[in-house]
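Colleague: need a structure here:
(2 chains)
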There are 2 protein chains.
Amino acid sequence: MQLHPMWDNYPNLQIDLQAVLTTIEKNVQIRDKQVEQNVKALIQAGGKLLRPAYAMLAAQIGPDNNRDRAIAVAAALEVLHMATLIHDDVVDDAPTRRGIETIHSKYGRNYAVYTGDYLFCICFKILSSHADSVSTIEFNSKSIEKILMGELDQMRTRYDLKVTVRQYLSRISGKTAQLFALSTYSGALQSKATRFQTRNAWNVGHYLGMAFQIIDDVLDYTSSNDGLGKPVLNDVKQGVYTLPLIYAMQGNAALFHPLLEKGLDMTDADLKELLELITKYNGVDKAFALANKYTKKALKEN
Amino acid sequence: MQLHPMWDNYPNLQIDLQAVLTTIEKNVQIRDKQVEQNVKALIQAGGKLLRPAYAMLAAQIGPDNNRDRAIAVAAALEVLHMATLIHDDVVDDAPTRRGIETIHSKYGRNYAVYTGDYLFCICFKILSSHADSVSTIEFNSKSIEKILMGELDQMRTRYDLKVTVRQYLSRISGKTAQLFALSTYSGALQSKATRFQTRNAWNVGHYLGMAFQIIDDVLDYTSSNDGLGKPVLNDVKQGVYTLPLIYAMQGNAALFHPLLEKGLDMTDADLKELLELITKYNGVDKAFALANKYTKKALKEN
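Modeller: Below is the predicted model:
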């Protein structure tokens, strides 16, 4: 299977990530072969496998390189990520993901809901079939709980025009950074790293996750429809206000509210005006600067 | 909290089930207090707590009465059941459940999808915080996998006019009997029952689950809207053909197909005609007879 070209210069990591994919494929066995094919297509459609990659890298921190267990944990984390993607697509009514039609759009939300549930379960199956202790699973389920609280929080603050930077950071911390942190932490743990090292690994993952989500949100404002597999400004229309917009609105709320209140009825002209306002008030630049700060924090932890 | 009156004559079991409810309440902590309230309302709305009850009863089989662990397992199973109910309501677009408005209908499918996910995760959290070994969790996640395969299977066979009794039994075995079997099995396991006893407990749960689901499906054809918290003949309109209909159709398919093919467009007159046909060809009686057979099998295992 073809890995994302971003790993081209990392032959060892490529071998590990192939093993992660094999583990996932082996564990995803859906009786309806069409749906199975679609889940596997989602795996193969150029996902970057960032979370497994971080887990595998962190698995080199400690002295005990238990590769099999690290691969299982990495696979479980990616399966979990896929489950949340499929459910996100149900919630967002998204037509495509990674350039291919979503399960939701192709087979209906019924299939998408249960397929996501199925993958949640596979995540725990893989974890428990390789975990060395119950406490690993307990820790994982507590982390996953936080991720889902982040999603529920995001629902709650939709269309909230007064959302603050602090609330945004707390939301992405749960929704994204938690899973990145879990990946680096779990990897480190499998390698029997010291307590100090695993805590550091957690922090690195957390900071990288924060930076990743901020950049991902910036892309929603700056990239064109063809560059990525998802439409631009989708978040804004759905009432999910992210960092570039929140920064730009600071002190200028009155200019933005009439536009944002239109929600799903925003026209192309409205969106254009919104983008101009965000540029004018440096929303994107400020967001980038904060992402940079998080990246630097991550590097300092090493 | 008020337990279902069906347990009125079982004071010991009542104490255990209250403890199960307390464990669930303690573990369900959603930041959005409105949603939390609604999840708790669902718990309190007269669910029969059948699965926890079976788990607690089976926990008396073996010599080691580890009540705390049995209660945790019972709570985890009920939380899992709730998660599937909430997602079922999303899939079925159901307006009410146990007589109260569904989360799906009240807060939108977004909340319902993530709330179900959240409860899935809480199930594993409770399990892992009390499980004595990784293999317990592995066994549980494999069982849950089968339950979800049953749901996916049900999707696949919707509106299939040629569905057989065998296919129906295989579907409810995964969808319902698996969780009943898991309940009795897990209860027995917590009490350190012998291998033979836990296998028996599994079989009892399986047979009871089969009987339960058949009766539940019969009720869809025989009960009125006010008696239960869900509308009658809902399944048929949604293309889910259950045992009374499948039995009645045997040898008489041509009479049923023109009606069934209308799907969601079936009128009240169509439904009345369908019910008359099912009565004429003894669909309900035959289904009841099979449910009885399963109940007897369950009793024989003891």
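Colleague: where does the stretch 1-150 of chain A have low pLDDT?
Modeller: A:1, A:46, A:132 (pLDDT under 70).
Colleague: Near chain B, which residues of it are found?
Modeller: Residues of the stretch 1-150 of chain A found near chain B (Cβ under 8 Å from any Cβ of the partner chain) are A:30-32, A:35, A:83-84, A:87, A:90-91, A:109-111, A:113-118, A:120-122, A:124-125, A:128-129, A:131-135, A:137-138, A:140-142, A:144-145, A:148-149. Placement of C-beta: from N, CA and C, glycine included.
Colleague: Now the spatially most central residue of chain A: closest residue in space, sequence neighbours ignored.
Modeller: Note on chain A: the residue nearest the mean C-alpha position is A:Thr176, at 5.0 Å, using Cα atoms, centre = their mean. Closest residue to A:Thr176 apart from its sequence neighbours, by Cβ to Cβ, 6 or more residues apart in numbering or on different chains: A:Gln213 at 4.0 Å.
Colleague: which is the next helix or strand following the strand or helix carrying that neighbour?
Modeller: Using DSSP states H and E, A:Gln213 maps to helix A:195-222. Next along the chain after helix A:195-222, taking DSSP H and E as the criterion, comes helix A:234-237.
Colleague: what packs against that following helix?
Modeller: Contact here means 3 or more Cβ pairs under 8 Å, 6 or more residues apart in numbering or on different chains; DSSP states H and E; on that basis helix A:234-237 packs against helix A:195-222.
Colleague: in the helix it packs on, what counts as buried?
Modeller: A:197-198, A:200-215, A:217-218, A:220-222 (16 or more other Cβ atoms under 10 Å in any protein chain shown).
Colleague: doesn't A:Asp64 make contact with A:Thr194?
Modeller: No. If you go by Cβ atoms under 8 Å, A:Thr194 and A:Asp64 don't touch, sitting 11.6 Å apart.
Colleague: Farthest from the middle of chain A: give me that residue.
Modeller: Most distant residue from the mean C-alpha position of chain A: A:Ala254, 32.0 Å away (Cα atoms, centre = their mean).
Colleague: Near the residue nearest to A:Phe256 when sequence neighbours are not counted, how many other residues are there?
Modeller: Closest residue in space to A:Phe256, ignoring its immediate chain neighbours: A:Met249 at 5.0 Å, by Cβ to Cβ, 6+ apart. The number of residues packed near A:Met249 is 22, by other Cβ atoms under 10 Å in any protein chain shown.
Colleague: One more: A:Asn12?
Modeller: A:Asn12: 10 neighbours (other Cβ under 10 Å).
Colleague: cool, A:Lys33 as well?
Modeller: Using other Cβ under 10 Å, A:Lys33 has 9 other residues around it.
Colleague: could you measure it against chain B, distance?
Modeller: According to Cβ to the nearest Cβ, to the nearest Å, A:Lys33 and chain B sit 10 Å apart.
Colleague: ok, now how distant is that residue from B:Ala72?
Modeller: Using Cβ to Cβ, to the nearest Å, we find A:Lys33 at a distance of 38 Å from B:Ala72.
Colleague: what's the answer for A:Leu119, then?
Modeller: From A:Leu119 over to B:Ala72 the distance is 25 Å, taken as Cβ to Cβ.
Colleague: Also A:His257?
Modeller: Counting by Cβ to Cβ - A:His257 and B:Ala72 are separated by 49 Å.
Colleague: the more surrounded of those two?
Modeller: Using other Cβ under 10 Å as the criterion, A:His257 and B:Ala72 rank with B:Ala72 on top: 24 against 12.
Colleague: And that one, which helix or strand is it part of?
Modeller: Using DSSP H and E, B:Ala72 maps to helix B:67-92.
Colleague: quick one: that helix to helix A:67-92, angle?
Modeller: Orientation note: helix B:67-92 sits at an angle of 40 degrees relative to helix A:67-92 (axes from the mean of the first three to the mean of the last three Cα atoms, to 10 degrees).
Colleague: Tell me how far the helix or strand following helix B:67-92 lies from the chain's centre.
Modeller: Toward the C-terminus, helix B:67-92 is succeeded by strand B:96-97 as the next helix or strand (DSSP H and E). Distance, stretch centre to chain centre, for strand B:96-97: 14 Å (Cα atoms, centre = their mean, to the nearest Å).
Colleague: what lines up beside strand B:96-97 in the sheet?
Modeller: Strand pairing for strand B:96-97, using DSSP bridges, gives strand B:100-101 (antiparallel).
Colleague: Please report how far A:His87 lies from B:Asp89.
Modeller: Separation of A:His87 from B:Asp89 (Cβ to Cβ): 15 Å.
Colleague: Same question for A:Phe139.
Modeller: The gap separating A:Phe139 from B:Asp89 is 31 Å, by Cβ to Cβ.
Colleague: before we move on, what about A:Leu274?
Modeller: 36 Å.
Colleague: Likewise for A:Lys162?
Modeller: Using Cβ to Cβ, A:Lys162 is found at 32 Å from B:Asp89.
Colleague: now A:Leu277
Modeller: In this view, A:Leu277 and B:Asp89 are 41 Å apart by Cβ to Cβ.
Colleague: Compare these two (neighbour count), which wins?
Modeller: Set A:Leu277 next to B:Asp89 and count neighbours by other Cβ under 10 Å: B:Asp89 wins out with 22 against 17.
Colleague: got a list of what the more buried one touches?
Modeller: Residues counted as contacts of B:Asp89 (Cβ atoms under 8 Å, 6 or more residues apart in numbering or on different chains) are B:Arg97, B:Thr102, B:Ile103, B:His104, B:Ser105, B:Ala112.
Colleague: Tell me the one of those residues nearest B:Pro244?
Modeller: B:Arg97 (22.5 Å; Cβ to Cβ).
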